[in-house]
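>>> This is a predicted model, with the sequence first.
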Amino acid sequence: MKKFITAVAAASLVGFAMPAQAQEENDAIAFFALIMTPHGALPSVASGPANAGPSLDVRYGRYSFDGSDYSINNIGVGGNFAAAGGRMGIMLGIVSGEDDDNAKMAGIDYNRSLMSRPVGASTSSSISLALHPALGYGKADEGDLNAISAAVDLPVQLSMAAGKTMQFAAHLAPGFGYGRLSDGDLSESGTRATLGGGVSLLNVGGGLGVNLGFRKIFLDEAPTQWGLGMSWSR
């Protein structure tokens, strides 16, 4: 990761580029800051009911850069709980690049339903819209490079019964993210459109949920992150 971030950050932070190039570099700064924090580093997941009990959440996400052998593997562990009519989440994790290019990350997020409607005549299927803001921080293990991010998306989710207790959920979450990279006294920031999504099986057994998800931070030639998640709810 440091190979990519350091090169982009250095060019932008010293103000070397022309204005058009600087804008492109700010876009790249936003991309790398977001993928150093949980919102961009880990896959998007389906939202559960606001009144459910506390839940443990484990996620894995991977970025593979085309045209190179470089990849970034991210692992996060956290949980969420009912709060103010929605779900508050906390996530801690590791961003692991090659050649020991590693970082630590932490983040908080909040998910609140804005509307939910049944689909057709069935009461077991519904479509919902939610508001999902998130804040994150990342710190490289070596050097002074750190990242902060702020993002918000609007997940649209289709949920339906799958057997007696299981629930199938599919969602898409268009959004917008801000990212800032700092290295010592130098810092630069940018913004990017984002898109998350995935499919999940909830209440598989014993409160277990499984998720296949992705996160796209829109930047020319930048990879899409794909990942897996598991959750345990009480």
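Here it is on my side, so go on. Residues are numbered from 1 along each chain as shown.
>>> alpha carbons only for contacts and neighbour counts from here, please
Noted.
>>> Show me which positions of the helix or strand harbouring residue 81 end up buried.
Assigned by DSSP states H and E, residue 81 belongs to strand 71-83. Buried residues in strand 71-83, counting neighbours by 16 or more other C-alpha atoms under 10 Å, are found at 72-82.
>>> Quick check: what element follows it along the chain?
Next along from strand 71-83, by DSSP H and E: strand 86-96.
>>> Tell me what angle that following strand forms with strand 71-83.
160 degrees (axes from the mean of the first three to the mean of the last three C-alpha atoms, to 10 degrees).
>>> Residue 158 versus the closest residue in space to residue 72 that isn't next to it in sequence, what's the distance?
Leaving aside its chain neighbours, residue 72 sits nearest to residue 97 (4.5 Å; criterion: C-alpha to C-alpha, 6 or more residues apart in numbering). Using C-alpha to C-alpha, to the nearest Å, residue 97 is found at 35 Å from residue 158.
>>> ditto for residue 114
14 Å.
>>> now residue 85
Going from residue 85 to residue 158 by C-alpha to C-alpha gives 20 Å.
>>> Who has more neighbours out of those two?
Neighbour count, other C-alpha atoms under 10 Å: between residue 85 and residue 158, residue 158 has more, with 21 against 12.
>>> Secondary structure element holding that one?
strand 156-161.
>>> Tell me which helix or strand comes right after that strand.
strand 167-183.
>>> Okay, now the sheet partners of the helix or strand following that next one, with direction.
Going down the chain from strand 167-183, the next helix or strand is strand 186-202, by DSSP H and E. For strand 186-202, the paired strands and their directions (DSSP bridges) are strand 167-183 (antiparallel), strand 208-217 (antiparallel).
>>> Grab the longest helix from this structure for me.
In the chain, with assignment by DSSP state H, the single longest helix is helix 19-35.
>>> Residue nearest the middle of this structure, spatially speaking?
residue 39 (2.6 Å; C-alpha atoms, centre = their mean).
>>> what about that one, which SS state?
Classification of residue 39 by DSSP: H, G, I helix; E, B strand; the rest coil places it in helix.
>>> ok, it touching residue 136?
Yes - counting by C-alpha atoms under 8 Å, residue 39 touches residue 136, with 7.0 Å between them.
>>> Please enumerate the shared neighbours of these two.
Shared contacts of residue 39 and residue 136 (C-alpha atoms under 8 Å, 6 or more residues apart in numbering): residue 107.
>>> which residue packs closest to residue 27, ignoring adjacent ones?
In space, residue 27 is closest to residue 190, 5.4 Å off (C-alpha to C-alpha, 6+ apart).
>>> Can you give me the neighbour number for the one you found?
22.
>>> And for residue 162?
16.
>>> for it, what are its contacts?
residue 168.
>>> Can you give me the distance of it to residue 116?
Per C-alpha to C-alpha, residue 162 is found 19 Å from residue 116.
>>> Could you do residue 218 as well?
29 Å.
>>> more neighbours, the two?
Each of residue 218 and residue 116 has its neighbours counted (other C-alpha under 10 Å); residue 218 has more, 19 against 14.
>>> My guess is that one contacts residue 193. True?
Yes - judged on C-alpha under 8 Å, residue 218 makes contact with residue 193 at a distance of 5.7 Å.
>>> between the helix or strand containing residue 127 and strand 156-161, how many degrees?
Assigned by DSSP H and E, residue 127 falls within strand 125-140. Here strand 125-140 runs at an angle of 120 degrees relative to strand 156-161 (the same axes, to 10 degrees).
>>> Could you spell out the sheet neighbours of strand 125-140, each with its direction?
Checking strand 125-140 against DSSP bridges gives partners strand 102-118 (antiparallel), strand 145-153 (antiparallel), strand 156-161 (antiparallel).
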